[in-house]
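Colleague: this one's sequence-less:
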Ligand SMILES: Nc1ncnc2c1ncn2[C@@H]1O[C@H](COP(=O)(O)OP(=O)(O)OP(=O)(O)O)[C@@H](O)[C@H]1O
Ligand SMILES: O=C(O)C1=C[C@@H](O)[C@@H](O)[C@H](O)C1
Ligand SMILES: [Mg+2]
C-alpha cells in the first residue's frame, strides 16, 4: 500500500486545502500527518512545541510520516517541516511527491497571525518565513516529482495542475 500522492511544502502552501480537494477529485481518502500527531498525542501541535520542544515534535512527525507512507493509499499531506528529516527524505524516494510552493508575501498572507503555527508566531513572521523557505527549498525540491507554484492559483487550479503533471 502506498499513497497515490504525497503533498508537501511550506506553511500556507495549501497542503491541507489542496490535498483534501485532490483526494475528493480522485475519490480517495485524505490524511494529514499533522492531524495524526495531534490525534496520537491528544495535544495541539503548538502545545507539543511549547512543552516538549521541536525535536520531540519532529520525532513524532517522522513516525507519523512513516506510518502514513506504509498504510495510507490516498492523498497524504505532510507537515511543513517533515522534509527536515533525512530519514523521511529517504523514505519519500519511491513515492509520487507534490511540492506546493508559495512565495514569502503570499505565504505570510495566508498563514496570517495564526498562533496554531508555532514557528511563525514570533515578532517578524516575514523574516521567519523567508529563513524557513531558504533553508527548505532545496529539500522540498530534492524529494518532489512535481512542483506547483500556488501564489496565483485557486486551490481547484492547483489540483488541475497536479493531475496534469501526474495523470
Ligand atoms: N491556492 C490558494 N489560494 C488561496 N488561498 C489558499 C490557497 N491554498 C490555501 N489557501 C488558504 O491558505 C490558508 C492555509 O492553507 P492550508 O492550511 O491548506 O495550508 P497548509 O500548507 O496545510 O499549512 P500548514 O503547513 O500550516 O498545515 C487557508 O486559509 C487556505 O484557505
Ligand atoms: O513548517 C513547519 O515546521 C511546521 C508546519 C506545520 O505543518 C506543523 O507541522 C508544525 O507547525 C511545523
Ligand atoms: Mg496543513
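Modeller: Happy to help now that I have it. Not measured: the values here are computed from a predicted model. Ligands and ions are numbered 1, 2, ... in the order given.
Colleague: who's in contact with the helix-or-strand element of the chain with minimal mean pLDDT?
Modeller: For the chain, scoring each helix and strand by mean pLDDT, DSSP states H and E identifies helix 104-111 as the least confident one, at a mean of 89. Outside helix 104-111, the residues within contact range by CB atoms under 8 Å, 6 or more residues apart in numbering are 10-14, 102, 117, 120, 125-126, 129-130, 133, 150-151. In this view, the C-beta of every residue, glycine as well, is placed from N, C-alpha and C.
Colleague: just stretch 81-90 next, same as before
Modeller: Contact partners of stretch 81-90, identified using CB under 8 Å, 6+ apart, comprise 8, 33, 58, 61-62, 65-66, 78, 92, 119, 136, 139-140, 142-143.
Colleague: show the pLDDT at the closest residue to residue 137 other than its chain neighbours.
Modeller: Residue nearest to residue 137 in three dimensions, not counting chain neighbours: residue 101, with 8.0 Å by CB to CB, 6 or more residues apart in numbering. We have a pLDDT of 98 for residue 101.
Colleague: partner residues bridging residue 101?
Modeller: Beta-bridge pairing for residue 101 (DSSP bridges): residue 149.
Colleague: contacting residues for it?
Modeller: Applying CB under 8 Å, 6+ apart as the definition, the contact partners of residue 101 turn out to be 9-10, 13, 137, 140, 147-150.
Colleague: now residue 156
Modeller: Shown in contact with residue 156 (CB under 8 Å, 6+ apart): residue 21.
Colleague: name the SS class of it, please.
Modeller: helix (DSSP: H, G, I helix; E, B strand; the rest coil).
Colleague: so how far is residue 51 from the residue of the chain found nearest ligand 3?
Modeller: Using CB to the ion, the point where the chain gets nearest to ligand 3 is residue 16, with a distance of 3.3 Å. Using CB to CB, to the nearest Å, residue 16 is found at 24 Å from residue 51.
Colleague: just residue 40 next, same as before
Modeller: Remark: distance between residue 40 and residue 51 (CB to CB) = 15 Å.
Colleague: who has more neighbours, the two?
Modeller: Neighbour comparison, residue 40 and residue 51: the larger count goes to residue 40, with 12 against 9 (by other CB atoms under 10 Å).
Colleague: returning to that earlier point: and the residue of the chain closest to ligand 3, how many neighbours?
Modeller: Each residue near residue 16 was counted by other CB under 10 Å, and the total is 14.
Colleague: with residue 67 instead?
Modeller: Neighbour count for residue 67, taken as other CB under 10 Å: 15.
Colleague: the helix or strand that it is a member of vs ligand 1: in contact?
Modeller: Under the assignment given by DSSP states H and E, the secondary-structure element containing residue 67 is helix 54-71. No: judged by CB under 6 Å from any ligand atom, helix 54-71 stays clear of ligand 1, getting no closer than 11.5 Å.
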